[in-house]
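Asker: Need the 3D shape of this:
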Amino acid sequence: MTHTRAARRYFVLASLLVALLAAFLTPGTATAASLEEVTGFGSNPGALRMYRYVPGGLPAGRPVVVALHGCTQDAAGYGTGSGWIQLADRWGFSVVLPQQQSSNNPSNCFDWFQSGDIERGQGEAASVAQMVDRQLADVSGDPGRVYVTGLSAGGGMTAVMMATYPEKFAAGGVVAGLPYGCAQAAGSPYVCMYVGATQTPKQWGDRVRAARPGYSGPWPTLTVFQGTADYTVKPVNMTDLMKQWTDVHGADQVADVSDTVAGYPHQVFRDPSGNAVVETYSITGMGHGQPVDPGTGSEQCGAAGSYFLDVNLCAAYRLGRVWGLG
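Answerer: Next comes the predicted model:
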């Protein structure tokens, strides 16, 4: 009996040792972490708050994703609902989660339409750029693998960051968002959202080029997700985003790939060198929100809820794959 107990005790200790070794040695495995607020990240002219998620044991040289919430949302809710925190643990990267304050916007929308917040060196755009610099310094992240994405107003601010600070971002992902300068082109943010602005591809591209005078590239690549039944940000905005960023990259507006992903129309636009520079997902029948696919499968992520719509496709996963995060 004594020998049996000793054997069991030895087996339990050996099992624990194996589990601990596996946790430390398995590539891409991260220990649990939590969202933390960072203060003093810069002059913060846009008066935003900075939150971040850093998986435990994250090594140096890993990518950084900036994830911008939509109206009425906050950093923590967007990080969880979109699936970005889940993927950070799965793939090993850190996430910066800017948060709007009601003193800036009563609905907690990022001010993608305000001239003072969408210009380089000013307002909210400058605040987000300062967050990126702070995060790269704190976690020794890879400055060549920084990505920005967001939903709705956060999608509009994603286009702002790509235009005003193109040197900081390798790529962007706009979910139900707007082209850069759309409110100014349409004369109103609401006309932009509900109707769109009448601009040629070159006029759209010129707005981006004017945001960073003298910049010769490379420009960030773009992926867009848009619901066909979105009545808050009309699907014309995805078309205009495609026109804007294909023009910036010197590409035409004819898709080089037209297929389906998870049953939804998907297109890829390539530049003259054959590089994929714009990618679009048209989510048939989806309203205004972030596409998610809750579950434990390898392609699943996110949690269904208000403005997080279970359409069997997780936008964060698709972005992470095209960005090489996985």
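Asker: in the sheet, who's paired with the residue most central in space within the chain?
Answerer: Among the residues of the chain, the one closest to the centroid is Thr149, at 2.0 Å (Cα atoms, centre = their mean). On the basis of DSSP bridges, Thr149 is bridged to Ala67, Gly173.
Asker: Next, the contact list for it, please.
Answerer: 65-68, 84, 155, 158, 172-175, 316, 319 (Cβ atoms under 8 Å, 6 or more residues apart in numbering). Using the backbone N, CA and C atoms, a C-beta is placed for each residue, glycine as well.
Asker: so Ala47, which of the three states?
Answerer: Three-state call for Ala47 (DSSP: H, G, I helix; E, B strand; the rest coil): coil.
Asker: Is it correct that it is in contact with Val128?
Answerer: No: counting by Cβ atoms under 8 Å, Ala47 does not reach Val128; the two are 12.0 Å apart.
Asker: So between those two, which is more surrounded?
Answerer: Neighbour count, other Cβ atoms under 10 Å: between Ala47 and Val128, Val128 has more, with 28 against 12.
Asker: Strands along the stretch 201-326 of the chain, start to end?
Answerer: 221-227, 257-261, 264-270, 276-283, 290-292, 308-310 (DSSP state E, counting those that start in this stretch).
Asker: With mean neighbour count, mean pLDDT and distance to Gln203 added, can I get these in TSV?
Answerer: TSV is the format used below for those (neighbours: other Cβ atoms under 10 Å; pLDDT from 0 to 100; distance: least, Cβ to Cβ, whole Å):
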stretch	mean neighbour count	mean pLDDT	distance to Gln203
strand 221-227	26	98	17
strand 257-261	11	98	25
strand 264-270	18	98	18
strand 276-283	22	98	17
strand 290-292	29	98	29
strand 308-310	20	98	32
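Asker: Kindly present these as CSV, with separate columns for distance to Gly250.
Answerer: Shown next, in CSV, are the strands of the stretch 201-326 of the chain (distance: least, Cβ to Cβ, whole Å):
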stretch, distance to Gly250
strand 221-227, 13
strand 257-261, 18
strand 264-270, 11
strand 276-283, 9
strand 290-292, 29
strand 308-310, 34
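Asker: Asp133 is nearest to which of those strands?
Answerer: Among the strands of the stretch 201-326 of the chain, the nearest to Asp133 by Cβ to Cβ is strand 221-227 (21.7 Å).
Asker: Would you give the sheet partners of that closest one, along with the direction of each?
Answerer: Partner strands for strand 221-227, per DSSP bridges, with pairing direction: strand 171-175 (parallel), strand 276-283 (parallel).
Asker: Can you check what angle separates that strand from strand 264-270?
Answerer: Strand 221-227 runs at 160 degrees relative to strand 264-270, counting by axes from the mean of the first three to the mean of the last three Cα atoms, to 10 degrees.
Asker: out of the strands of the stretch 201-326 of the chain, nearest to Ala88?
Answerer: Proximity to Ala88 (Cβ to Cβ) singles out strand 290-292 among these, at 15.5 Å.
Asker: who's in contact with the closest one?
Answerer: 70, 81-83, 151, 175-176, 225, 227, 281, 283, 301-304, 307-311, 313-316.
Asker: Any of these buried? List them.
Answerer: Buried subset of the contacts of strand 290-292 (neighbour count, 16 or more other Cβ atoms under 10 Å): 70, 81-83, 151, 175-176, 225, 227, 281, 283, 301-302, 307-311, 313-316.
Asker: distance of the residue nearest to the centre of the chain from Ala75?
Answerer: Counting by Cβ to Cβ, to the nearest Å, the gap from Thr149 to Ala75 is 13 Å.
Asker: is it true that Ala125 touches Thr164?
Answerer: Yes: when contacts are counted by Cβ under 8 Å, Ala125 is listed as touching Thr164 (4.9 Å).
Asker: Show me which of these two is the more surrounded one.
Answerer: Neighbours per residue (other Cβ under 10 Å) separate Ala125 from Thr164, with Ala125 holding more: 26 against 22.
Asker: For Tyr281, see how far away that one is.
Answerer: To Tyr281, Ala125 is 26 Å away according to Cβ to Cβ.
Asker: hmm, back to that, what would the strands paired with strand 221-227 look like in TSV with distance to Gln184?
Answerer: Below are those laid out as TSV (distance: least, Cβ to Cβ, whole Å):
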stretch	distance to Gln184
strand 171-175	17
strand 276-283	22
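Asker: wait, which of the ones you listed is closest to Ser107?
Answerer: strand 171-175 (17.5 Å).
Asker: quick one: average pLDDT of that closest one?
Answerer: Per-region confidence: strand 171-175 scores 98 on mean pLDDT.
Asker: just checking, what packs against the following helix or strand past it?
Answerer: Sequence order places helix 182-186 as the next helix or strand after strand 171-175, per DSSP states H and E. Counting contacts by 3 or more Cβ pairs under 8 Å, 6 or more residues apart in numbering; DSSP states H and E, helix 182-186 is packed against helix 189-194, helix 201-211.
Asker: now the last one, how far from the chain's geometric center?
Answerer: It refers to helix 201-211. Taking Cα atoms, centre = their mean, to the nearest Å, one finds the center of helix 201-211 at 22 Å from the center of the full chain.
Asker: I'm done for today, thanks for sticking with me.
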